[in-house]
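# 3D model of this:
(2 chains)
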Amino acid sequence: DTGVSQNPRHKITKRGQNVTFRCDPISEHNRLYWYRQTLGQGPEFLTYFQNEAQLEKSRLLSDRFSAERPKGSFSTLEIQRTEQGDSAMYLCASSSGTSGGYNEQFFGPGTRLTVL
Amino acid sequence: AQSVTQLGSHVSVSEGALVLLRCNYSSSVPPYLFWYVQYPNQGLQLLLKYTSAATLVKGINGFEAEFKKSETSFHLTKPSAHMSDAAEYFCAVSKGGSYIPTFGRGTSLIVHP
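The predicted structure follows:
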């Protein structure tokens, strides 16, 4: 399978615990994005990487959230001291380096986080 | 700033009927516009995109959308609904030079036999 993969698919944790999610993009894509999606809403942008550089972060991303993309390949999203409001689907997407705003993003299946 | 409004959180049609999902956008510059579909427990899949070429855009699975600048709309249509079209549909907008689309809240399409 050459699509975007995310692990784990589901994560249940207790409030206050740390969690880490992994995203493996399509291999030739240099851009990688993280989104959060809650029930009844569209995806909300969290952060964006071009290769290993984190170029943009949303104001939604509190300092409990951190993302990395070492070597410009897979990416991890860590949430520290989880809160119940962090419960959501976390989506990863990747795209190739086309110019301008046209960039077809290919999405992974998401990681569903439930914070008890 | 750009934004997207999808009218109707749910749209219900009979199999074989016309599908019309509405999307209005606001953007300070000529936008790029997208429609994505999300099936249960899956990621989003691009249906079609408008990037300032032809105003009538054809996508996958028989869907098409028309960019109307005067109405700031980008409605999605399909002449005949199929049961397999039941899913969540998201309209998204990005402005030239931005890699980050803004998504609407989504419209759930329900198809009755």
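# so what's residue 35 bridging to?
Since no chain was named, I'll use chain A. Beta bridges link A:Y35 to A:F45, A:L91 when assigned by DSSP bridges.
# right idea, wrong chain: chain B
Residues in a beta bridge with B:W35, per DSSP bridges, are B:L48, B:C91.
# ditto for B:V57
Partner residues in beta bridges with B:V57: B:A65, with DSSP bridges as the criterion.
# dump the residue contacts of the residue nearest the centre of chain A.
The geometric centre of chain A, computed from its C-alpha atoms, lies nearest to A:W34 (C-alpha atoms, centre = their mean), at 2.9 Å. Listed by C-beta atoms under 8 Å, 6 or more residues apart in numbering or on different chains, the contact set of A:W34 reads A:23, A:45-48, A:67, A:75, A:77, A:90-92. For the C-beta atoms, the positions are set from N, CA and C on the backbone; glycine is no exception.
# what's the average pLDDT for stretch B:30-45?
What stretch B:30-45 shows for mean pLDDT is 88.
# CA atoms only: put that stretch into PDB for me.
As requested, the backbone C-alpha atoms of stretch B:30-45 are provided in PDB (Å, rounded to 0.1, in the frame of the first residue of the first chain):
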ATOM      1  CA  PRO B  30      -8.800  34.400  -6.300                       C
ATOM      2  CA  PRO B  31      -9.200  31.100  -4.500                       C
ATOM      3  CA  TYR B  32      -8.400  27.500  -5.200                       C
ATOM      4  CA  LEU B  33     -11.400  25.400  -4.300                       C
ATOM      5  CA  PHE B  34     -11.700  21.700  -3.500                       C
ATOM      6  CA  TRP B  35     -14.300  19.100  -2.700                       C
ATOM      7  CA  TYR B  36     -13.300  16.100  -0.600                       C
ATOM      8  CA  VAL B  37     -15.300  13.100   0.400                       C
ATOM      9  CA  GLN B  38     -14.900  11.100   3.600                       C
ATOM     10  CA  TYR B  39     -16.300   7.600   4.000                       C
ATOM     11  CA  PRO B  40     -16.800   6.200   7.500                       C
ATOM     12  CA  ASN B  41     -13.500   5.400   9.200                       C
ATOM     13  CA  GLN B  42     -11.500   6.600   6.300                       C
ATOM     14  CA  GLY B  43      -9.400   9.700   5.500                       C
ATOM     15  CA  LEU B  44     -10.500  12.400   3.100                       C
ATOM     16  CA  GLN B  45     -10.300  11.800  -0.700                       C
END
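# What segments of chain A are helices?
Taking DSSP state H as the test, none of chain A falls into helices.
# what residue ranges in it score low on pLDDT?
Within chain A, the segments meeting pLDDT under 70 span A:1, A:98-102.
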